[in-house]
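Engineer: fold the following, please.
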Amino acid sequence: MRAIGQRAARRGAFATLQTLVLLAFLMAMIAAAMRHNVAQRKYLRLRQDSAQAFRLAESGVEEALHRLAARPEGGTAERRLGRGNFRVDWRPAGSDQDVFEVVSTGWARTGEPGTPRRTVRVKAALTRSSQAAAWSVRVLSWRTE
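Structural biologist: Purely as a prediction, here's the structure:
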């Protein structure tokens with residue numbers, strides 16, 4: 001009788017050991033899935049913020065081009081829009097007073113550590129037709145950083 005009880009106890013101990021190993025394996029798989037999920041969320045947030053910073057930089061370029069069409073002189077503008085902002089500078093490019101260089105930088109999630117930023121550099125030419133009182137702006141080059 002004693003041998004049967006010892007065998008049953010060994011089988012019970014072996015089943016407990018198997019259950020513990022299976023639980024440890026499942027916990028490791030769940031932890032790995034959670035780490036992967038957190039890494040994916042960080043990556044997607046960075047991509048989203050980078051795209052937002054790019055759109056903000058483009059907004060700065062558009063503002064500078066509109067201001068150039070109204071008054072052809074250098075300037076600076078800074079705007080806070082939602083959770084980001086942009087800063088744009090426009091100056092004559094070299095000795096040609098009709099060609100301007102526009103540099104606009106956009107930041108997403110302004111003030112937070114690791115804030116993504118994107119910069120757009122544009123060269124634009126101003127022309128004035130004899131019939132129109134306003135200037136027209138033609139983009140010569142567009143480069144993103």
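Engineer: tell me how far residue 82 lies from residue 120.
Structural biologist: Computed with CB to CB, to the nearest Å, the distance linking residue 82 and residue 120 is 18 Å. C-betas here are computed from N, CA, C, even on glycine.
Engineer: name the residue in the two with the higher neighbour count.
Structural biologist: residue 120 (22 against 10; other CB atoms under 10 Å).
Engineer: so the more buried one belongs to a strand, correct?
Structural biologist: Yes. Judged by DSSP: H, G, I helix; E, B strand; the rest coil, residue 120 forms part of a strand.
Engineer: the residue most central in space within the chain sits in which helix or strand?
Structural biologist: In the chain, the centroid-proximal residue (CA atoms, centre = their mean) is residue 50; its distance is 1.2 Å. Assigned by DSSP states H and E, residue 50 belongs to helix 2-70.
Engineer: swap in residue 140?
Structural biologist: With DSSP H and E as the criterion, residue 140 is inside strand 136-144.
Engineer: got the angle between that strand and helix 2-70?
Structural biologist: Per axes from the mean of the first three to the mean of the last three CA atoms, to 10 degrees, the angle that strand 136-144 makes with helix 2-70 is 150 degrees.
Engineer: could you export strand 136-144 as CSV, CA atoms only?
Structural biologist: Output of strand 136-144 as CSV, limited to C-alpha atoms (Å, rounded to 0.1, in the frame of the first residue of the first chain):
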residue,chain,number,x,y,z
SER,A,136,3.7,86.4,-56.9
VAL,A,137,5.9,83.8,-55.3
ARG,A,138,7.4,80.8,-57.2
VAL,A,139,9.0,78.0,-55.3
LEU,A,140,12.4,77.1,-56.8
SER,A,141,13.5,74.3,-54.4
TRP,A,142,12.1,72.5,-51.4
ARG,A,143,14.2,70.4,-49.1
THR,A,144,13.2,68.6,-45.8
